[in-house]
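# Have a look; sequence and predicted model below, questions after that.
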Amino acid sequence: MLLAFSTHESVVSLKTGHSHRREYETHVVNHLELSAATLDSVKKQSVLHVGKFYRPHLGGIETHVEGLCQGLRKSMDVRVLVASNRRSGEECVIDGVPVTRVHVPISIAGAPICPGMLWHIRKNRPDIIHLHLPNPTGVLAVLASGYRGPVVVTWHSDIVRQRRLARLYQPIERLLLRQCAAIVASTPAYIASSPVLREHADRCRSIPFGIDAERFDDRHVDQSLLRELRRRFGSRVILSVGRLVYYKGIQFLIQAMEKVDAKLVIIGEGPMRPALEQEAAARGIADRVIFLGQINDHLPTYFHAVDVFALPSCERSEAFGIVQLEAMASGKPVINTQIDSGVPYVSLDGITGITVEPRNSEAMAAALNRLFDDPELRRRMGHAGRHRVQKEFNLELMVRRTLDIYEEVGGRVIDPLFESNGDAQAEFSSHAALR
């Protein structure tokens with residue numbers, strides 16, 4: 001429409017002389033500037049995700065934040081603000097998403113404290129802040145920044161074990177929750193079971209986490225690495241992936257291995273690794289329990305190299321278990337635990353896997369043996385798991401539901417098909433040091 005209008009008026013201006021033409025050209029420039037400003041206002045709809053860490057740091061929250069930001073950048077100006085896991089801060093762009101890592105001068109009870117976050121929030125001035133909790137430094141930074149726009153919170157987990165930290169942190173956290181526009185939790189079950197979320201039930205929304213299931217399709221695995229892993233591990237292989245911390249319950253899975261004729265492959269690092277290695281050695285099964293440490297590349301290939309995935313979590317700190325989705329997308333049956341969180345909601349007992357009581361190594365062993373003894377059951381559950389991820393836990397659905405919340409709290413319609421023009425990325429130089 002604008003092109004037709006311009007062409008027609010240009011012809012007229014040629015007939016009426018140079019002065020009229022200059023007058024018209026000024027009109028057209030003003031019209032184009034106004035149109036550009038209108039379009040720019042759409043592009044400037046921005047969201048700042050404030051989390052603890054970001055890739056290459058591995059964890060369920062980090063996996064979720066990265067996937068969500070990758071999906072949102074098709075519709076919005078998306079930026080990420082997190083703590084640095086190095087000595088200095090940096091600014092970089094990861095797969096098109098600008099990421100600011102802030103220097104951490106001190107950590108308390110494992111929580112990074114980053115005073116610099118406050119300054120970066122003021123510098124960014126986003127339309128919406130999306131804060132991922134638990135995150136004491138993020139809460140403090142948002143409150144102290146004086147930000148007056150809408151704040152959306154994703155509640156990844158209650159603080160379960162760090163009770164001393166919780167007593168100091170919860171009053172500040174509750175202040176933020178009273179002020180935020182919406183609270184997102186991964187499952188209705190977690191909203192119902194969380195004492196904190198029940199206090200704010202009127203603003204809670206359930207958005208199940210989602211992943212890009214195609215990334216875990218067998219067409220995208222490294223076939224050469226797959227053959228190598230199968231030669232190394234052999235047949236009858238169990239995989240567990242996650243940080244080696246108390247609430248993951250890996251010690252109960254190791255205990256179960258005494259009664260299971262299989263190998264256990266563990267991917268992940270954490271403070272419990274020495275104790276877990278000692279546990280395996282003490283039980284005489286160290287040759288069948290393989291600790292691979294942190295794996296950053298080709299993770300889908302590792303899922304395809306095994307027969308069963310196990311998530312033996314023993315505390316509700318495991319609020320969802322997004323790694324279950326990765327196993328299910330790879331077509332593997334899942335053994336999880338009946339903890340009071342969203343974990344058993346993700347992989348369904350008897351449909352996509354088997355759910356057992358937490359801290360029960362006998363039940364875990366029985367479930368593993370049942371799956372190894374029945375290849376058809378493994379195949380059927382693996383197929384059902386992949387179908388469930390594609391229909392209920394896909395990335396596009398999670399992003400669309402998140403955009404709905406942004407529209408609700410921001411009062412502005414966001415086109416889910418709009419592609420970012422990358423302007424935000426241009427302002428970030430890769431690996432520029434921060435003070």
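Great, that's in hand.
# how about low-confidence regions in the stretch 51-200 of the chain?
Within the stretch 51-200 of the chain, the stretches with pLDDT under 70 are 105-112, 160-166.
# which residues of it fall in strands?
For the stretch 51-200 of the chain, the strands defined by DSSP state E, counting those that start in this stretch cover 77-83, 89-94, 97-102, 106-108, 111-113, 128-133, 151-155, 182-185.
# Any chance of those in TSV with distance to Asn336 as columns?
No exception for glycine: its C-beta is placed from N, CA and C like everyone else's. Shown next, in TSV, are those (distance: least, CB to CB, whole Å):
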stretch	distance to Asn336
strand 77-83	28
strand 89-94	30
strand 97-102	31
strand 106-108	31
strand 111-113	27
strand 128-133	23
strand 151-155	20
strand 182-185	18
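# Out of these, which is closest to Asn360?
Among these, strand 182-185 comes nearest to Asn360, with 26.8 Å by CB to CB.
# Buried residues, that closest one. List them.
Across strand 182-185, burial judged by 16 or more other CB atoms under 10 Å covers Ala182, Ile183, Val184, Ala185.
# Do a quick rundown of the helices in the stretch 151-300 of the chain.
163-179, 188-193, 195-198, 223-233, 250-256, 273-282, 299-304 (DSSP state H, counting those that start in this stretch).
# Let's have those in JSON lines, adding distance to Lys52 and mean neighbour count.
JSON lines is the format used below for the helices of the stretch 151-300 of the chain (distance: least, CB to CB, whole Å; neighbours: other CB atoms under 10 Å):
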{"stretch": "helix 163-179", "distance to Lys52": "14", "mean neighbour count": "14"}
{"stretch": "helix 188-193", "distance to Lys52": "19", "mean neighbour count": "18"}
{"stretch": "helix 195-198", "distance to Lys52": "18", "mean neighbour count": "13"}
{"stretch": "helix 223-233", "distance to Lys52": "30", "mean neighbour count": "14"}
{"stretch": "helix 250-256", "distance to Lys52": "22", "mean neighbour count": "24"}
{"stretch": "helix 273-282", "distance to Lys52": "21", "mean neighbour count": "15"}
{"stretch": "helix 299-304", "distance to Lys52": "20", "mean neighbour count": "21"}
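# could you dump the ones you listed to CSV with distance to Ile322?
CSV is the format used below for the helices of the stretch 151-300 of the chain (distance: least, CB to CB, whole Å):
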stretch, distance to Ile322
helix 163-179, 23
helix 188-193, 13
helix 195-198, 19
helix 223-233, 22
helix 250-256, 17
helix 273-282, 21
helix 299-304, 12
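# right, and those - which one's nearest Glu362?
When those are compared by CB to CB, helix 250-256 sits nearest Glu362, at 7.5 Å.
# Give me the packing partners of the closest one, helices and strands only.
Using 3 or more CB pairs under 8 Å, 6 or more residues apart in numbering; DSSP states H and E, the elements in contact with helix 250-256 are strand 237-241, strand 263-267, helix 273-282, helix 361-372.
# contact partners of it?
238, 240, 242, 244, 264, 266, 272, 275-276, 279-280, 283, 285, 289, 310, 312, 314, 358-362, 364-365, 368 (CB atoms under 8 Å, 6 or more residues apart in numbering).
# Repeat the analysis, applying 6 Å as the threshold.
Helix 250-256 has contacts (CB atoms under 6 Å, 6 or more residues apart in numbering) with Leu276, Glu279, Ala280, Val289, Ala310, Pro312, Arg359, Ser361, Met364, Ala365.
# Let me know the average pLDDT across that helix.
Taken as a whole, helix 250-256 has an average pLDDT of 98.
# ditto for stretch 276-296
96.
# ok, now stretch 313-330?
If you average the pLDDT over stretch 313-330, you get 95.
# For it, buried residues please.
Quick answer for stretch 313-330 (16+ other CB under 10 Å): 313-330.
# now stretch 257-266
Met257, Val260, Ala262, Lys263, Leu264, Val265, Ile266.
# farthest pair in those residues?
Val260 and Ile266 (14.3 Å).
# residues contacting Leu226?
Residues near Leu226 by CB under 6 Å, 6+ apart: Thr301, His304, Ala305.
# right, and the last one touches Leu229 too?
Yes: with contact defined as CB atoms under 6 Å, Ala305 and Leu229 form a contacting pair (3.8 Å).
# how about the nearest residue to Ser186 once chain neighbours are set aside, secondary structure?
By the measure of CB to CB, 6 or more residues apart in numbering, the closest residue to Ser186 outside its immediate chain neighbours is Phe320, 4.3 Å from it. With DSSP: H, G, I helix; E, B strand; the rest coil as the basis, Phe320 sits in coil.
# ok, Phe320 touching Ala189?
No: counting by CB under 6 Å, Phe320 stays clear of Ala189, with 10.0 Å between them.
# which residues sit against stretch 325-334?
Defining contact as CB under 6 Å, 6+ apart, one finds that stretch 325-334 is touched by 211, 213, 216, 303-304, 308-309, 324, 347, 352-353, 371, 378, 381-382, 385-386, 389, 393.
# Ends of that stretch, what's the gap?
Stretch 325-334 stretches 9 Å from its first residue to its last (CA to CA, to the nearest Å).
# Likewise for stretch 264-272?
First residue to last in stretch 264-272 (CA to CA) measures 16 Å.
# Which residues does it contact?
With CB under 6 Å, 6+ apart as the criterion, stretch 264-272 contacts 238-245, 257, 289-295.
# What of stretch 207-221?
So stretch 207-221 is contacted by 64, 67, 184, 186, 300-301, 304, 320, 322, 325-326, 329-330, 389-390, 393-395, 397-398, 401 (CB under 6 Å, 6+ apart).
# that older thread, please convert the buried residues of stretch 257-266 to a markdown table, extending it with distance to Ile250.
Formatted as a markdown table, the buried residues of stretch 257-266 follow (distance: CB to CB, whole Å):
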| residue | distance to Ile250 |
| --- | --- |
| Met257 | 11 |
| Val260 | 14 |
| Ala262 | 15 |
| Lys263 | 15 |
| Leu264 | 9 |
| Val265 | 12 |
| Ile266 | 7 |
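# just these now: which is nearest Leu197?
Ile266 (31.8 Å).
# quick one on the thing from earlier: just the contacts of stretch 325-334: which are in strands?
Secondary structure defined by DSSP state E assigns Val308, Phe309, Gly353 of the contacts of stretch 325-334 to strands.
# Roughly how far does the residue lying closest to Leu48 once chain neighbours are set aside sit from Arg288?
Of all residues not flanking Leu48 in the chain, Pro126 sits nearest, at 3.9 Å (CB to CB, 6+ apart). Note on Pro126: its distance to Arg288, by CB to CB, to the nearest Å, is 50 Å.
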